[in-house]
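J.: all I have is the shape, not the residue letters:
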Ligand SMILES: C[S@@+](CC[C@H](N)C(=O)[O-])C[C@H]1O[C@@H](n2cnc3c(N)ncnc32)[C@H](O)[C@@H]1O
């Protein structure tokens, strides 16, 4: 069963990530999507911060894949504010490993989602994504060479004023093992310094190095493209997706 680790983080999400990876993605993603005009799939669309960017930058139809009910609810509310987005974005309420669209898309965008997949799940992920892409289609995701993570004390990772309340996110690394890091997060709301609400999330994140990703994607039929710092772009080799689709149809 799908365990939604994002449910308690939803009210904090836009506050924290507008302050984190999102501004950089807004700068780096648009040039990679130039020329895409028909269809884009976004894996892990979250509250729609990147969905909105994709819609601003391309005229394409968008499939926004998002398994978390809370995150998806904010996404749909964001779309509801704009009739043009509402008519162009289809929100798929499932995880990436279960996604299947009728016609292969021109591009797939996946921002800050890969860390949720362990090595075995990634193998399935690349296969599924290759099947959703047209031959020569583009896959873009963010990645940085992971700095060493060491278990440590709780640190405040963000603090935001919302009316009379302060929303705070605290985090600490509990454990590391190979590419896997176990994090503990606290989502707190304070009023005049007094804690009035607190939720804890313990989550496991996977941080493959670039060499490992290169090998996985090459094996799955992708070729590396020029990418900007922090964003990687791959193209599905011609023939790969179609061959996989046929195999699936036969099986
Ligand atoms: C850190 S958020 C990123 C959201 C958005 N891409 C952004 O950059 O603002 C990760 C998102 O991936 C979603 N997610 C988790 N597991 C997933 C899966 N198996 N398939 C697709 N999305 C998943 C989460 O629900 C969450 O909304």
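T.: Everything's here; your move. None of the values given here were measured: they were computed from a predicted structure.
J.: pLDDT score for residue 3?
T.: If you check residue 3, the pLDDT there is 82.
J.: how about it, phi and psi?
T.: phi -100, psi 120 (degrees, to the nearest 10).
J.: before we move on, what about the one 3 residues further on?
T.: For residue 6, the backbone dihedrals (degrees, to the nearest 10) come out as phi -90, psi -10.
J.: isn't it right up against residue 68?
T.: Yes - counting by Cβ atoms under 8 Å, residue 68 is a contact partner of residue 6 at 4.4 Å. C-beta coordinates here come from the backbone N, C-alpha and C atoms, glycine included.
J.: any residues in contact with both of the two?
T.: residue 46 (Cβ atoms under 8 Å, 6 or more residues apart in numbering).
J.: the two: who's more crowded?
T.: Per other Cβ atoms under 10 Å, whichever of residue 6 and residue 68 has more neighbours is residue 68, with 24 against 21.
J.: next, that one: phi, psi?
T.: Residue torsions, per degrees, to the nearest 10, at residue 68 are phi -80, psi 130.
J.: wait, it touches residue 8, no?
T.: No - shown here, residue 68 and residue 8 do not form a contact pair, counting by Cβ under 8 Å, at 10.8 Å.
J.: got the residues of the chain near the ligand?
T.: By Cβ under 6 Å from any ligand atom, the residues of the chain that approach the ligand are 6, 17, 43-46, 49-50, 65-68, 71, 95-96, 111-113, 116.
J.: which of those fall in strands?
T.: The strands, defined by DSSP state E, take in 43, 65 from these.
J.: tell me what the longest helix seen in the chain is packed against?
T.: Counting by DSSP state H, the longest helix found in the chain is helix 119-132. Packing partners of helix 119-132 (3 or more Cβ pairs under 8 Å, 6 or more residues apart in numbering; DSSP states H and E): strand 105-110, helix 210-219, helix 240-250.
J.: rerun at 10 Å
T.: strand 39-43, strand 105-110, strand 133-142, strand 194-206, helix 210-219, strand 222-224, strand 231-236, helix 240-250 (3 or more Cβ pairs under 10 Å, 6 or more residues apart in numbering; DSSP states H and E).
J.: so for residue 21, which of these sits nearest?
T.: strand 133-142 (6.6 Å; Cβ to Cβ).
J.: pLDDT of that closest one, averaged?
T.: 97.
J.: distance of residue 181 relative to residue 118?
T.: In this structure, residue 181 and residue 118 are 12 Å apart, going by Cβ to Cβ, to the nearest Å.
J.: which neighbours do those two have in common?
T.: 204-206 (Cβ atoms under 10 Å, 6 or more residues apart in numbering).
J.: any low-confidence regions in the stretch 101-250 of the chain?
T.: 240-250 (pLDDT under 70).
J.: 80 instead, please
T.: Residues of the stretch 101-250 of the chain meeting the criterion pLDDT under 80: 226-228, 239-250.
J.: list the buried residues in the longest helix of the chain.
T.: 122, 125-132 (16 or more other Cβ atoms under 10 Å).
J.: same question, stretch 25-39
T.: For stretch 25-39, using 16+ other Cβ under 10 Å, the buried residues are 25-26, 28-29, 32-33, 36, 39.
J.: likewise stretch 182-192?
T.: Quick answer for stretch 182-192 (16+ other Cβ under 10 Å): 182-183, 185-190.
J.: likewise stretch 211-228?
T.: 213, 216-217, 220-222, 227.
J.: a markdown table for the helices and strands packed on helix 119-132, including distance to residue 155?
T.: Shown next, in a markdown table, are the helices and strands packed on helix 119-132 (distance: least, Cβ to Cβ, whole Å):
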| stretch | distance to residue 155 |
| --- | --- |
| strand 39-43 | 29 |
| strand 105-110 | 27 |
| strand 133-142 | 22 |
| strand 194-206 | 15 |
| helix 210-219 | 27 |
| strand 222-224 | 35 |
| strand 231-236 | 27 |
| helix 240-250 | 43 |
